[in-house]
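S.K.: Give me a model of this one.
(chains A and B, ligands or ions: 2)
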Amino acid sequence: MLEIKGLEASIGDKQILRGIDLVVPSGEVHAVMGPNGAGKSTLGYVLSGRAGYEATAGLATFNGADLLDIEPEERAALGLFLAFQYPVELPGVGNANFLRTALNALRRARGEAEMDAPGFLKLARAEMKRLSMPDDMLKRNVNVGFSGGEKKRNEVLQMAILRPKLAILDETDSGLDIDALRIVADGVNALRGPDFSALVITHYQRLLEYIVPDRVHVLVSGRIIRSGGPELALELEANGYAGMVADAA
Amino acid sequence: MSASVPTTRLQATADAFLTRFAGIKASLPGDKSLRERAAATVRSKGLPGPREEAWRYTQLRPLTDVTFETPLHADVDAQALLGRLPEIAAPHLVFVDGRFRADLSTASSMVRTGAPSFGSGARPDFDPMVALNTMLAEDGVAISVPHDVDGGTIVLASLATGQNGRAIAFHPRHSVNLADGAKLTLIEIGLGDGVYFHNPVVTVSVAHGASLTHLRLQTESEQAFVLSTVYADVASDGTYDSFQLATGGRLARAEIHATLSGPNAIAHLNAAQLLAGSQHADFTTIVSHDAPNCASRQTVKTVLTGKSRGVFQGKIEVARAAQKTDGYQMNQALLLSPDAEMDSKPQLEIYADDVKCSHGATVGELDAEQLFYLRSRGVPEAEARAMLVRAFLDEALEAITHEAGRAAMETAIAHWWDRQA
Ligand SMILES: Nc1ncnc2c1ncn2[C@@H]1O[C@H](COP(=O)(O)OP(=O)(O)OP(=O)(O)O)[C@@H](O)[C@H]1O
Ligand SMILES: [Mg+2]
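M.R.: Residues are numbered from 1 along each chain as shown, chains lettered A, B, ... in the order given. Ligands and ions are numbered 1, 2, ... in the order given. From the prediction side, this is the model:
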């Protein structure tokens, strides 16, 4: 279970998050929607520990463990995974090496045996097949020269291989074609279960037809101004944020 | 008073080498007049100082802190050093403290041992380190690969024992000659302990259609002075493909002169320098395009920690006749500490009008976003940094196709990184 209470965060001197309260129970998928610049990505970065995104008040725990006090890799070891809105290119780092290093780092942190190269390749190939990704993407450098949609699929591939307990998907649907959207949604749905929860950040109701959320939250100017069931996304689609912001004020 | 007082410490050091020459010259092998001419150069020019343009960023001043003694060659035990050589299944030519050791080496019909091999092409009149080497060279090998023969791989190793605290200088002189259509991979490895001065000169001649892969692994003592010079001449359709990894030396410089003297010749002068503490390393290249349709490629990567200092000087000269020259030079440095420094001096001198020459230089730090991306996937910080440093070196390493040579480089890089942790 992810629990966020009164979370405030700043980038430099600029306060972005102004008191977020949010609980995502294990087994649930919650959607976060909100206008550009509202602080959605910031929330993902603060939870995953990016330098420069400083929590100034409040707390965030995952299954009881304080997230904000530990290193990014320790958060990953607890089961946190952030699918980046803008996946990072790593020239000189092969995708297979990257994935295996990450997987084995997590396995080590959890006290499990490392996976050897053949075992890893088998796993990776199977997951790539499910995501309709060509095999040669394993050989290429991480995200280098990948199209926008390919980068997003590569994020989902990482998630499928690393099997997080809490996934934050930051606009993973943006830039995906219709078929890819379905494939990515299937990838997330495949992980759903009592020990998995997710925070799905999106601008589009369409994704939520494929990944049906338990709750929808509306984040505006660093605060969650409304929460509701999946129907809230439909309401936003029809009326936009403007009316809702006025109501909340 | 008859003896003149040396005006500079560099001159005092040069004088000490001249004194050594006077003492051993009667017993030095080879052409006496060549030695005397080199000595005359050392006498008139001394060791290069800061006013010399080619040595502006690399100063030999620290060399003058050391008094070099006469080497003791009896009973030097090189077993421990031998154990530090990477495993490469190929004939080995092993030098210990500058002397060829037949007992540790593999005989080969392509190799002549027992005396320095001066070759041709090196310029003792022009290059002060070559002059010093030419004056004092006591040993070396000549490697010759006949017409159309694939000579496989040869390892040329220099092990320095440190002589139980006795600082010595050695100036091996080697030549490598590939006849038309010949092939060879030469893996040069330098390692050692303690304080010493290693000043090797290698002359390389690659004839028509021949191809030399020259891999150099410089993992010498961090107290050593290592000043190496290569003169390579590449004839038509020939290839000189070189890569050097340098992690050793207190003060190190690798200077390579490559002349593309026939059409369609190719030279690759790639390098990686990994520096820590107060190390200083310099990679200096002079590529002369003397014939049309030749290509040269240089990818040079330097990683610096501590207060280390890196230098890259790359000169590409394109003669009037060298039309359709394709020259490429990329020099990148990764500063892992605020106190490290990189100096870089690219130089293009182009006298032909139809050429393609490009050069670029960057100095940067590890990318915070990339580091976070890796850590967010669970990769611990130290390992993430190691991955990004290795990734930074990739473009320089990817050109190495020799498997064992490449593995040796990878191991040396990993060891270097482990020592920084
Ligand atoms: N490095 C930074 N320095 C200053 N301001 C920043 C920085 N990064 C983000 N911001 C600001 O923080 C605010 C929140 O940004 P954030 O990326 O979290 O928005 P978002 O809700 O994800 O928007 P979008 O829907 O466009 O992705 C924005 O106003 C943005 O300009
Ligand atoms: Mg965003």
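
S.K.: remind me, longest helix of chain A?
M.R.: In chain A, ranked by residue count with DSSP state H as the criterion, the top helix is helix A:231-248.

S.K.: and that one, how far out from the chain's middle?
M.R.: The chain centroid and the centroid of helix A:231-248 are separated by 23 Å under C-alpha atoms, centre = their mean, to the nearest Å.

S.K.: low-confidence ranges in chain A?
M.R.: The model of chain A has pLDDT under 70 over residues A:247-249.

S.K.: Need the three-state assignment for the residue in chain A that ligand 2 sits nearest to.
M.R.: Going by C-beta to the ion, ligand 2 is nearest to residue A:41 of chain A, at 3.1 Å. Any C-beta I mention is one placed from the backbone N, CA and C, and that applies to glycine too. When classified by DSSP: H, G, I helix; E, B strand; the rest coil, residue A:41 comes out as helix.

S.K.: just to revisit the earlier point, now do the longest helix of chain A: everything it contacts.
M.R.: Helix A:231-248 is contacted by residues A:31, A:33-35, A:205, A:208, A:213, A:216, A:218, A:220, A:225-226, A:228 when judged by C-beta atoms under 8 Å, 6 or more residues apart in numbering or on different chains.

S.K.: run the last query once more with 10 Å
M.R.: For helix A:231-248, contacts defined as C-beta atoms under 10 Å, 6 or more residues apart in numbering or on different chains pick out A:31, A:33-35, A:38, A:202-209, A:212-213, A:215-221, A:223-226, A:228.

S.K.: From the residues you listed, pick out the ones that also neighbour ligand 1.
M.R.: Contacts with ligand 1 within the contacts of helix A:231-248, counted by C-beta under 6 Å from any ligand atom: A:34, A:38.

S.K.: hmm, which of the contacts of helix A:231-248 are the buried ones?
M.R.: Listed as buried from the contacts of helix A:231-248 are A:31, A:33-35, A:38, A:202-203, A:205, A:207-208, A:213, A:215-220, A:223-226; burial here means 16 or more other C-beta atoms under 10 Å in any protein chain shown.

S.K.: any idea how far residue B:315 lies from residue A:105?
M.R.: For residue B:315, the distance to residue A:105 equals 44 Å [C-beta to C-beta, to the nearest Å].

S.K.: quick one, helices of chain B?
M.R.: Under the criterion DSSP H, chain B contains helices at B:9-24, B:32-45, B:79-83, B:128-136, B:368-376, B:381-397, B:403-420.

S.K.: Pull the residues that contact the third one.
M.R.: Helix B:79-83 is contacted by residues B:92, B:94, B:96-97, B:101, B:104, B:157-162, B:191-193 when judged by C-beta under 10 Å, 6+ apart.

S.K.: repeat that with 7 Å
M.R.: With contact meaning C-beta atoms under 7 Å, 6 or more residues apart in numbering or on different chains, helix B:79-83 is reached by B:104, B:159, B:161, B:191, B:192.

S.K.: can you check the fourth one too?
M.R.: Where contact means C-beta under 7 Å, 6+ apart, the residues beyond helix B:128-136 that reach it are B:17, B:20-21, B:34-35, B:38-39, B:41-42, B:45, B:47-48, B:118, B:122-124, B:171, B:173, B:199, B:201, B:227, B:229.

S.K.: Likewise for the first one?
M.R.: Outside of helix B:9-24, the residues that reach it under the criterion C-beta under 7 Å, 6+ apart are B:6, B:39, B:42-43, B:46-47, B:49, B:60, B:63-64, B:68, B:132, B:135-136.

S.K.: ok, which stretches of chain A are strands?
M.R.: Using DSSP state E, the strands of chain A run over residues A:2-11, A:14-24, A:29-33, A:53-62, A:65-66, A:80-83, A:90-94, A:141-142, A:166-170, A:197-201, A:215-220, A:223-228.

S.K.: So for chain B, which of these sits nearest?
M.R.: Taking C-beta to the nearest C-beta, strand A:90-94 is the member of these nearest to chain B, at 2.9 Å.

S.K.: Enumerate the residues of chain A near ligand 2.
M.R.: Chain A has residues A:40, A:41, A:85 near ligand 2, with proximity defined as C-beta under 5 Å from the ion.

S.K.: Please give me every residue in contact with the first one.
M.R.: For residue A:40, the residues meeting the contact criterion (C-beta under 7 Å, 6+ apart) are A:32, A:34, A:170, A:201, A:219.

S.K.: for the last one, same thing?
M.R.: For residue A:85, the contact set (C-beta under 7 Å, 6+ apart) comprises A:41, A:170, A:171.

S.K.: repeat that with 8 Å
M.R.: By C-beta under 8 Å, 6+ apart, residue A:85 lies in contact with A:41, A:44, A:170, A:171, A:174, A:201.

S.K.: Could you do the second one as well?
M.R.: Shown in contact with residue A:41 (C-beta under 8 Å, 6+ apart): A:85, A:170, A:171, A:201.

S.K.: which one is residue B:243 nearest to, not counting chain neighbours?
M.R.: Excluding the flanking residues, the one nearest residue B:243 by C-beta to C-beta, 6 or more residues apart in numbering or on different chains is residue B:270, at 4.6 Å.

S.K.: How much space separates that neighbour from residue B:370?
M.R.: Residue B:270 is 23 Å from residue B:370, where distance means C-beta to C-beta.

S.K.: Help me confirm that residue A:204 comes into contact with residue A:176.
M.R.: No - between residue A:204 and residue A:176 there is no contact under C-beta atoms under 8 Å: 10.0 Å.

S.K.: mind checking how far residue B:205 is from residue B:233?
M.R.: To residue B:233, residue B:205 is 5 Å away according to C-beta to C-beta.

S.K.: got any residues that touch both of the two?
M.R.: Common neighbours of residue B:205 and residue B:233 (C-beta under 8 Å, 6+ apart) are residue B:121.

S.K.: before we move on, the earlier item: format the contacts of helix B:9-24 as a markdown table; extra columns: neighbour count.
M.R.: As requested, the contacts of helix B:9-24 are arranged in a markdown table below (neighbours: other C-beta atoms under 10 Å in any protein chain shown):
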| residue | neighbour count |
| --- | --- |
| B:6 | 14 |
| B:39 | 21 |
| B:42 | 21 |
| B:43 | 15 |
| B:46 | 24 |
| B:47 | 24 |
| B:49 | 17 |
| B:60 | 23 |
| B:63 | 18 |
| B:64 | 17 |
| B:68 | 19 |
| B:132 | 29 |
| B:135 | 25 |
| B:136 | 25 |
